[in-house]
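> give me coordinates for this.
(chains A, B, C and D)
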Number of protein chains: 2
Amino acid sequence: MDTPLSARRLADTAALLADPTRAAICLALLDGRAWTAGELARHAAVAAPTATGHLNRLVAAGLLAEERQGRHRYLRLAGPTAAELVEVLAQFTGGPPPVATSLRAARQSGELARARTCYDHLAGALGVTVTGAMTARGLLDDRHGLALTPAGADWLTATGITVAPARRAAVRACLDFTERRPHLAGAVGAALCAHALTAGWLERRPDTRAVRVTVTGERALHDLLGVRWADVRPAQ
Amino acid sequence: MDTPLSARRLADTAALLADPTRAAICLALLDGRAWTAGELARHAAVAAPTATGHLNRLVAAGLLAEERQGRHRYLRLAGPTAAELVEVLAQFTGGPPPVATSLRAARQSGELARARTCYDHLAGALGVTVTGAMTARGLLDDRHGLALTPAGADWLTATGITVAPARRAAVRACLDFTERRPHLAGAVGAALCAHALTAGWLERRPDTRAVRVTVTGERALHDLLGVRWADVRPAQ
DNA sequence: GGCACGCTTCGGCGCCCGCCGAAGCGTCCG
DNA sequence: CGGACGCTTCGGCGGGCGCCGAAGCGTGCC
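Numbering: from 1, shown residues only, chains lettered A, B, ... in the order given. So this is what the prediction gives:
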């Protein structure tokens, strides 16, 4: 992958995200949901023609997928590979999000810090705590970074969590920005998150990446992993 | 990570590689070695002032690290995080490298396809074969993507391979472009490659990312993993 | 000590990209 | 059916970035 043509193509891929508007669009879509073109335009604070141009470019390049319903055009990240691209760029950029400047913003960033999704896996104090508890119980092994153990594979089966066969890593450590520690990502992380939503342990909040742990979820955290949700706080 | 400032910063990170010259520089440096500024200028087919400008920007952003020796300025990728950024962008870009157009180029691309390094881990038919053999012997588990097994951890210790504690994944699947199948990357992949070079199983070739499997290495492949190196061919 | 080499700084040129208002098209609600 | 809404296309404007030649500085070899 070191020919000039490769360099041209890599540059074209990077150029997709080398614009603040397109970057804002892709970061917004890391919540795993579909957004309309209008919502994305407002979120990125640009006019509709500008958003249309950017969205067309991102779809043509395979970073986003689109779906039309009537007069609405829905966009989402095209898949885990696209999400990982955005995540890796965000991780390299590093640094914590800026300090909240209003009570409402502080409450919202507190909620995001406590429990949210990062494209398709759990993040925030929830994600980091679940990862820590699984490691403590021998379900994950972090001697050489993060890896799934056979006990972990059995636990997943026993809990009814199905991991789709995938080309990507079973477990990947995704650096949690608010907690500054890694949380579980990859195929196993995605399966766990999907199951948590399906089983009703978590539910999404409107218009935000934050998720709410339900009473059923608190019980599941306690019974399955020995975690008391009330004690879980984001890092300062 | 969804504030406008975050989007600006992510765009700035992506912009680092959104230029064919800088992309060519970083792809060249994926061989894990240090190159001089002049070598990188020639490799990227630009004049020295152009290369200097690009290198300054990449160093300032933390993607490259520099070291001066007399009148020479040496550059290398700043670390595994930087390498992963380039790899993930290259993977998303996808597609095989272009067909070789000369006998010499065909021989060189054949050597690259057979055995090379991808920043800090094994790639090519060697990388994919080693990954397959480790999976067949229960040292890696690919039921849910790639993961290290306890038997694998013990095998590493028994073979004298030390995996440095790291924040990154123990094993990560890096899609091999020439073989179109994943090979072992991550902390374990890096440790394996480092050990293979230290133990004399592999040796680097001048001016290329290709590596040569030594007689000692052929024996080690056979004794440790049951692989006959003579039988290993790149995919067509 | 002089000359060559590696690299840097300066100044200028040309091209590309992101932005929006206006106009238009398709959908859908009252 | 008419008007509002979501989104697209067209045309134009302004800013930013990558390139190089010339000149210069520091290193090092003969």
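
> phi, psi of A:E203?
A:E203 adopts backbone torsions of phi -140, psi 150, taken as degrees, to the nearest 10.

> need the contact list for it.
A:197, A:211-212, A:214 (C-beta atoms under 8 Å, 6 or more residues apart in numbering or on different chains). In short, each C-beta sits where N, CA and C put it, glycine included.

> now a PyMOL select for only the buried ones of the residues you listed.
Selecting only the buried entries of the contacts of A:E203 in PyMOL, with 16 or more other C-beta atoms under 10 Å in any protein chain shown as the criterion:
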select buried, chain A and resi 197+211+214
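
> tell me the residues of chain A that contact DNA strand D?
Where proximity means C-beta under 7 Å from any atom of the strand, the interface of chain A facing DNA strand D comprises A:36-39, A:41, A:48-49, A:51-53, A:55-56, A:71-73.

> drop anything exposed from the residues you listed.
Neighbour-count burial (16+ other C-beta under 10 Å) is assigned, among these, to A:37, A:39, A:41, A:51, A:55, A:73.

> buried residues, the helix or strand hosting A:T131. List them.
Under the assignment given by DSSP states H and E, the secondary-structure element containing A:T131 is helix A:124-136. Within helix A:124-136, the residues scored as buried using 16+ other C-beta under 10 Å are A:124-135.

> same for the next helix or strand after that helix, what does it pack against?
Heading C-terminal from helix A:124-136, the first helix or strand you meet, by DSSP H and E, is strand A:140-141. Secondary structure elements in contact with strand A:140-141, counted by 3 or more C-beta pairs under 8 Å, 6 or more residues apart in numbering or on different chains; DSSP states H and E, are helix A:124-136, strand A:147-148.

> got a pLDDT number for the most centrally placed residue in chain A?
When C-alpha atoms, centre = their mean is applied to chain A, the residue found nearest the centroid is A:C118 (1.4 Å). What the model reports for A:C118 is a pLDDT of 84.

> same question, A:A61
Reading off the confidence values, A:A61 has pLDDT 92.

> next up, the contacts around the closest residue to it other than its chain neighbours.
Counting by C-beta to C-beta, 6 or more residues apart in numbering or on different chains, A:A61 lies nearest to A:L16, which is 5.4 Å off, once chain neighbours are set aside. Contact partners of A:L16, counting by C-beta under 8 Å, 6+ apart, are A:22, A:57-58, A:61, A:63, B:14.

> so A:L16, which of the three states?
The assignment at A:L16 comes out as helix when based on DSSP: H, G, I helix; E, B strand; the rest coil.

> what's the helix or strand of chain A at the bottom of the mean pLDDT ranking packed up against?
Ranking every helix and strand in chain A by mean pLDDT, DSSP states H and E puts strand A:172-175 at the bottom, with a mean of 74. For strand A:172-175, the helices and strands in contact under the criterion 3+ C-beta pairs under 8 Å, 6+ apart are helix A:80-93, strand A:182-185, helix A:186-198.

> what average pLDDT does the shortest one get?
The average pLDDT for strand A:182-185 rounds to 84.

> equivalent analysis for the longest one, please.
This predicted structure assigns helix A:80-93 an average pLDDT of 87.

> would you mind getting the angle between the next helix or strand after that helix and helix A:124-136?
Scanning forward in sequence from helix A:80-93, with DSSP H and E defining helices and strands, the next element found is helix A:103-114. Orientation check (axes from the mean of the first three to the mean of the last three C-alpha atoms, to 10 degrees): helix A:103-114 against helix A:124-136 gives 20 degrees.

> may I see the buried residues of helix A:103-114?
A:108-109, A:111-114.

> which residue does chain A bring closest to DNA strand D?
For chain A, the residue closest to DNA strand D is A:G38, as judged by C-beta to the nearest atom of the strand, at 2.4 Å.

> care to break chain A down by domain?
Here chain A is described, according to automatic domain parsing, as comprising the domains A:4-87, A:97-231.

> adding distance to B:R172, write those domains out as a markdown table.
Compiled in a markdown table, the domains of chain A are given as follows (distance: least, C-beta to C-beta, whole Å):
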| stretch | distance to B:R172 |
| --- | --- |
| domain A:4-87 | 11 |
| domain A:97-231 | 5 |
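
> which one of the ones you listed has the lowest average pLDDT?
Across those, domain A:97-231 has the smallest mean pLDDT, namely a mean of 84.

> centre of the chain versus it, how much separation?
Put simply, domain A:97-231 sits 10 Å off its chain's centre (C-alpha atoms, centre = their mean, to the nearest Å).

> stretch A:53-73 now?
20 Å.

> quick check: pLDDT value at A:T3.
A:T3 is assigned a predicted lDDT (pLDDT) of 49.

> these two touch, right, A:A48 and A:G38?
Yes: contact criterion C-beta atoms under 8 Å: A:A48 and A:G38 qualify, at 6.9 Å.

> from the contacts of A:E203, which single one is nearest chain B?
A:V211 (14.7 Å; C-beta to the nearest C-beta).

> can the helix or strand where that closest one lies be found next to chain B?
In this assignment (DSSP H and E), A:V211 forms part of strand A:211-213. No: between strand A:211-213 and chain B, judged by C-beta under 8 Å from any C-beta of the partner chain, nothing touches; the nearest distance is 14.7 Å.

> now the helix or strand following that strand against helix A:124-136, angle please.
The element immediately downstream of strand A:211-213 (helix or strand, assigned by DSSP H and E) is helix A:215-225. Angle of helix A:215-225 versus helix A:124-136, following the same axes, to 10 degrees, is 30 degrees.

> what's helix A:215-225 in contact with?
Among residues not part of helix A:215-225, those counted as contacts by C-beta under 8 Å, 6+ apart are A:130, A:133-134, A:137, A:159, A:196, A:199-202, A:213, A:227-230.
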